[in-house]
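Colleague: show me the folded form of this:
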Amino acid sequence: MSRHQQPRVAVVTGASGGVGRATVRRLARSGWRIALLARGSTGLAAAAEEVRAAGGVALPIQTDVADYRQVEAAAARAAAELGPIDLWVNNAFTTVFAPFTEITPEEYRRATEVTYLGYVYGTMAALHQMLPRDHGTIVQVGSALAYRSIPLQSVYCGAKHAIVGFTESLRCELLHSGTRVRVTMVHLPGLNTPQFDWVLSRLRRHPRPVPPVYQPELAARAIVRAARKPKRREYWVGGMTVATIVGNRIIPALLDRYLARTGFSSQQTDEPTSRVRPANLWQPADSAAGHDFGAHGSFDTESHRHSVQEWLSEHRTAVAAGTLVAGAAAAATRAARRHR
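Modeller: Below is the predicted model:
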């Protein structure tokens, strides 16, 4: 069988919940063979069952992405049991919701090792598998916060900025080498994922995503689209992501002052933080809580499954052509009126 006739193989980190969970579900519907990497056994087992039910093949592997040896071993096992890896999605992260002055050095190190070095290690392991075959795609799951930092999320924002930096350097090196291995990024808006129920938080009130909030399935569609079309260097998902990145390039100082006024309240609900909430910084949240969190968080009632910007991005060629045609028609109409 040729490469294109073989079942496609993907590795997804952070596959047990949130965006990773939604992504493996979507890949499974197209028959992908998927290695699911995460720390928690409960969420991994549930995600694997969903993949199988949707028509895919699941290989759950408990992996701490902050440990390169574990990531390398997971990649080797995926290739041995599922076949050559076509797609690697770096998605796993953890963070601390707190002012910078309230985060310990140990917490900062651990969150950075997972969220930043986890992507570095995943990329290393993926390239080790892909470069000898001169084939494969790496998708880095990013955020609008990779370009515009906000208060209370210095750990996450710092790591996402770093991911952009190393990915841009790597992209240049891959282009220089002439390989057909591709790397692209998908930058996401505020999403209704379980992270707000399980990350370590020192906020007085329950943390929440900055509105407008979207369901993780929106992110999953963008990630799969990026996997199909990896020559595009970045995908911006959601109108707020576009506005945030572009706005920071034009008026960064104004955004500093705006976020200083609004950034604290917009990231907290009116409910006080529970004293018994799980924290996944040092151990999996599903192990501590004793249940599977799934893909969605606590904000279903206000979350959107679709975005106008998503549709425009998917159909940008047709939109551009339509705009040109409409502009030409308008110009012709104006010219005809002048010559009456």
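Colleague: low-confidence ranges in the chain?
Modeller: Applying pLDDT under 70 to the chain flags the ranges 1-7, 288-289, 310-340.
Colleague: what segments of it are strands?
Modeller: Ranges of strands in the chain, per DSSP state E, are 9-13, 33-38, 57-62, 87-90, 96-97, 137-143, 182-188, 200-201, 205-207, 213-214, 234-236, 268-272, 303-304.
Colleague: who touches Ile223 in this structure?
Modeller: Neighbour list for Ile223: Val19, Thr23, Arg26, Val89, Asn91, Val139, Val141, Val186 [criterion: C-beta atoms under 8 Å, 6 or more residues apart in numbering]. C-betas here are computed from N, CA, C, even on glycine.
Colleague: and for the second one, the neighbour number?
Modeller: Counted with other C-beta atoms under 10 Å, the neighbours of Thr23 add up to 31.
Colleague: how near is the residue lying closest to it once chain neighbours are set aside to Pro212?
Modeller: Distance criterion C-beta to C-beta, 6 or more residues apart in numbering; nearest residue to Thr23, sequence neighbours excluded, is Ala220 at 4.4 Å. Separation of Ala220 from Pro212 (C-beta to C-beta, to the nearest Å) stands at 18 Å.
Colleague: who has more neighbours, those two?
Modeller: The residue with more neighbours, out of Ala220 and Pro212, is Ala220; 23 against 14, by other C-beta under 10 Å.
Colleague: now do the same contact list for the more buried one.
Modeller: Ala220 neighbours (C-beta under 8 Å, 6+ apart): Val19, Ala22, Thr23, Arg25, Arg26.
Colleague: and the helices in this protein?
Modeller: Using DSSP state H, the helices of the chain run over 18-29, 41-53, 68-82, 105-112, 118-130, 154-177, 195-198, 216-228, 239-250, 252-262, 285-289, 308-314, 316-338.
Colleague: so how far is stretch 285-298 from its chain's centroid?
Modeller: Stretch 285-298 has its C-alpha centroid displaced from the chain centroid by 18 Å (C-alpha atoms, centre = their mean, to the nearest Å).
Colleague: list the buried residues in it.
Modeller: Ala285, Asp286, Ala288, Ala289, Asp292, Phe293, Gly294, Ala295, His296, Gly297 (16 or more other C-beta atoms under 10 Å).
Colleague: again, but for stretch 108-123
Modeller: Those would be 110-123, for stretch 108-123 by 16+ other C-beta under 10 Å.
Colleague: just to revisit the earlier point, for Pro272, find the nearest of the helices of the chain.
Modeller: helix 195-198 (14.3 Å; C-beta to C-beta).
Colleague: ok, residues contacting the closest one?
Modeller: 17-18, 93, 95, 206-209, 277-280, 285, 289, 293, 297-299.
Colleague: how many residues are close by Ala80?
Modeller: Neighbours of Ala80 (other C-beta under 10 Å): 9.
Colleague: quick check: it vs Val9, distance?
Modeller: Separation of Ala80 from Val9 (C-beta to C-beta): 11 Å.
Colleague: got it, and Thr23?
Modeller: Counting by C-beta to C-beta, the gap from Thr23 to Val9 is 14 Å.
Colleague: is it true that Thr95 touches Tyr156?
Modeller: Yes: the criterion here is C-beta atoms under 8 Å, and Thr95 meets it with Tyr156 at 4.2 Å.
Colleague: so for the two, which residues contact both of them?
Modeller: Ala111, Thr115.
Colleague: so what's the residue minimising distance to the centre of the chain up against?
Modeller: Using C-alpha atoms, centre = their mean, the residue of the chain that lies closest to the mean C-alpha position is Val141, 3.0 Å off. Contacts for Val141 (C-beta under 8 Å, 6+ apart) come out as Val19, Val89, Asn90, Asn91, Met185, Val186, Leu188, Ala219, Ile223.
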